[in-house]
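>>> Quick check, what structure comes out for this input:
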Amino acid sequence: MSAPHDLPKWADTALVPAVSVVAAFLVAGLVVVGIGANPLTATRWLIQGSLGSGEGLGFTLFYATDFIFTGLAVAVAFHAGLFNIGGEGQATLGGLGAALVLLRLDFLPGFLLLPLGILGAAAFGAAWAAIPGYLQAKRGSHIVITTIMFNWLASILLVYLLVNVMREATSMNPESRAFPPQASVPYMHEALAAFGIEIPPSQLNLTFVLALAASFAVWLLIYRSRLGYAIRVVGANPVAAVYAGISPARITIVPW
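Here you go, the predicted model:
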């Protein structure tokens with residue numbers, strides 16, 4: 001039996017994503033045809049609405065920001081051979097952590113409050129993910145099953161807190177009180193306007209820059225650090241990792 005062959009770098013970075021996008025459009029086109037609409041017209045409006053204007057592009061990047069952070073959480077675990085299906089629940093708890101910090105420390109100035117909110121989000125998301133990681137490493141629980149279950153637990157926990165704990169007494173809406181004004185992240189068009197650069201206004205804010213910085217930091221972690229090397233070794237061959245003195249159990253918990 002011959003050993004598997006790795007794809008050329010150009011195919012892995014360009015061809016595979018292109019084929020995936022084309023396949024997604026074909027499947028979506030079949031769904032559109034099934035409901036009696038023109039798939040070409042739907043595709044044209046889809047592309048025009050998301051990329052056809054500065055405002056549309058801004059909103060596309062705004063909505064993509066959350067997926068960048070969640071995708072990074074999945075990617076780090078995937079390099080260790082772990083299928084983290086719990087990104088949704090971890091993002092939910094991350095939002096809860098940020099909200100609790102911003103609401104509890106609303107007396108602080110923005111330059112302190114925003115970084116603390118980011119740290120709160122990271123801490124809550126990591127703590128929520130650490131439980132399935134521990135169960136996988138120490139108890140042999142299947143990571144896919146536990147992370148999926150934790151998605152639902154996170155949703156139920158958030159609803160409970162919004163309705164019974166964080167909701168204002170005078171409001172019937174399941175929501176917390178408003179964040180303090182100094183907790184607002186500047187919009188991208190406002191930040192660039194300070195440097196004389198004008199772009200169409202949208203909801204895109206500086207969190208997108210933070211997402212790009214996080215992407216670069218994850219690349220450094222995975223491909224330019226000892227921990228990243230250990231993560232990749234465990235993901236490639238856990239048995240060989242043990243012979244090399246790397247503990248798969250420890251690596252299973254660390255990426256979370």
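
>>> Please count neighbours and contacts with C-alpha atoms only from this point.
Will do.

>>> Identify the nearest residue to the one residue sitting closest to the centre of the chain in space, disregarding sequence-adjacent positions?
Centroid check for the chain by Cα atoms, centre = their mean gives T70 as the closest residue, at 1.2 Å. The spatially closest residue to T70, leaving aside those adjacent along the chain, is G87, at 5.6 Å (Cα to Cα, 6 or more residues apart in numbering).

>>> Next up, phi/psi of the one you found, please.
Dihedral angles phi and psi of G87 (degrees, to the nearest 10) take the values phi -60, psi -40.

>>> wait, it sits on F69?
No - judged on Cα atoms under 8 Å, G87 makes no contact with F69 at a distance of 9.1 Å.

>>> Just want to know which of the two has more residues nearby.
Neighbours were tallied for G87 and for F69 using other Cα atoms under 10 Å; the higher tally belongs to G87 (22 against 19).

>>> Report the contact partners of the more buried one.
Residues in contact with G87 (Cα atoms under 8 Å, 6 or more residues apart in numbering) are T70, G71, A73, V74, N151.

>>> would you turn those into CSV with pLDDT?
Below are the contacts of G87 laid out as CSV (pLDDT from 0 to 100):
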residue, pLDDT
T70, 92
G71, 93
A73, 90
V74, 92
N151, 96
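
>>> for those, which one is nearest T41?
Checking those against T41 with Cα to Cα, the nearest one is G71 at 30.3 Å.

>>> The closest one: which element?
The secondary structure element spanning G71 is helix 54-79 (assigned by DSSP states H and E).

>>> Check the offset of that helix from the chain's centre.
The offset between the C-alpha centroid of helix 54-79 and the centroid of the whole chain comes to 6 Å, using Cα atoms, centre = their mean, to the nearest Å.

>>> ok, A240 - how many residues close by?
As a burial measure, A240 scores 12 neighbours (other Cα under 10 Å).

>>> In the helix or strand hosting it, which residues are buried?
Using DSSP H and E, the secondary-structure element containing A240 is helix 238-243. Under the neighbour-count criterion of 16 or more other Cα atoms under 10 Å, helix 238-243 has P238, A241 buried.

>>> try stretch 82-102
Under 16+ other Cα under 10 Å, the buried positions of stretch 82-102 are 82-102.

>>> circling back: which neighbouring elements make contact with the helix holding G71?
With contacts defined as 3 or more Cα pairs under 8 Å, 6 or more residues apart in numbering; DSSP states H and E, the packing partners of helix 54-79 are helix 39-51, helix 87-104, helix 207-223, helix 226-236.
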